[in-house]
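Colleague: Sequence and predicted structure below; questions after.
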Amino acid sequence: MLPTSMTESAQPRSAPTTQPSTGLDSSVASMNDPTCIEIAHFDAWYGAFQAIHDLSLSIPRNQVTAFIGPSGCGKSTLLRWINRMNDIVPSAHSKGTLRLDELDILHPSTDVVHLRRRVGMVFQKPNPFPKTIFENVAFGPRLHMKLRRGDLEELVEWSLRKAAVWDEVKDRLHAPALGLSGGQQQRLCIARAIAVGPEVLLMDEPCSALDPASTLAIEDLIYELREQYTIVMVTHNMQQASRCSDRTAFFFEGQLIESGPTDDVFTKPQQKRTDDYVRGRFG
Ligand SMILES: Nc1ncnc2c1ncn2[C@@H]1O[C@H](COP(=O)(O)OP(=O)(O)OP(=O)(O)O)[C@@H](O)[C@H]1O
């Protein structure tokens, strides 16, 4: 399932394959456990409206899992609970289990700042800070790590290379990030997310605001990044799910209808509703 457009540009050329030493070990997790995120009997509400019903799903480590389903079926809601983004929505509440390895994500004592270092998020619309390219990537490490200038520069370069945008920005690191194209901005946002050493990257329709060429570049990148990160991606684009995910979960009206290897979900789905959806009969 390697994307046909897998290009050299998606690969860090001379970058080290491991993150420069920053005192932040993203590999502390029980790496032998194939499950990275365990979701069990999870319900979520906005006020009295129940958006997710009794959902259970295991998200495997170092794979790309795509969440698909018609608008309003709860994909983003689940994604946003995984790094507790819904904490800022006053009406949002939930019940059940969400685990990242040993960490009980929903437990009131869970340190949300620490959780978000382990679980980075990339949004639909690229959202660089109104700062320079360098400062966008350096922002998280400056906040969380005490790095000498040289180490910080090395980490910024590593992150930009890993996000396959280094060659395009290396000569203008101190120019405003908002001057980049949409596709470059999205890769910059991915660099910003990986600079703090997450284990998981959540991507909420990361290509929906991009042109086809930038979309293919990001898809190639997503496929590459799964060697090091567990990726969960919401997408409305069936071709995208089949091009760059290993597993697919189909949601409908707040329920998980089926999940499995992407090829199976697309070519021999177990449920009629899945079949209808992946064939474009609704949604
Ligand atoms: N902040 C909110 N307050 C109230 N209801 C919400 C809120 N966010 C989402 N919802 C509702 O929860 C349900 C699930 O929404 P969610 O955004 O998770 O769906 P989705 O599958 O991601 O949709 P889309 O594909 O359109 O992004 C929808 O009915 C939506 O209207």
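Modeller: Structure's in. What do you need?

Colleague: Would you confirm that residue 269 contacts residue 278?
Modeller: Yes - look at residue 269 against residue 278 with CB atoms under 8 Å: they come within range, at 6.4 Å. Backbone N, C-alpha and C define where each C-beta goes, glycine included.

Colleague: any common contacting residues for the two?
Modeller: Counting by CB atoms under 8 Å, 6 or more residues apart in numbering, the common neighbours of residue 269 and residue 278 are residue 250.

Colleague: Report the spatially closest residue to the residue nearest the centre of the chain, excluding sequence-adjacent ones.
Modeller: Nearest to the mean C-alpha position of the chain, by CA atoms, centre = their mean, lies residue 202 at 2.3 Å. The shortest distance from residue 202 to any non-neighbouring residue, by CB to CB, 6 or more residues apart in numbering, is to residue 121 (4.7 Å).

Colleague: Which neighbours in the sheet does the helix or strand hosting the one you found have, and how are they oriented?
Modeller: Under the criterion DSSP states H and E, the helix or strand holding residue 121 is strand 119-122. For strand 119-122, the pairing partners within the sheet under DSSP bridges are strand 200-204 (parallel).

Colleague: contact partners of the partner strand?
Modeller: The list of residues contacting strand 200-204 from outside it, by CB under 8 Å, 6+ apart, reads 36-37, 76, 79-80, 82-83, 100, 118-124, 190, 193-194, 222, 225, 229-234.

Colleague: go with 7 Å
Modeller: Contact with strand 200-204 is made by 36-37, 76, 79, 82-83, 100, 118-124, 193, 225, 229-234, as judged by CB atoms under 7 Å, 6 or more residues apart in numbering.

Colleague: ok now it, how far from the chain's centre?
Modeller: Distance of strand 200-204 from its chain centroid, counting by CA atoms, centre = their mean, to the nearest Å, is 1 Å.
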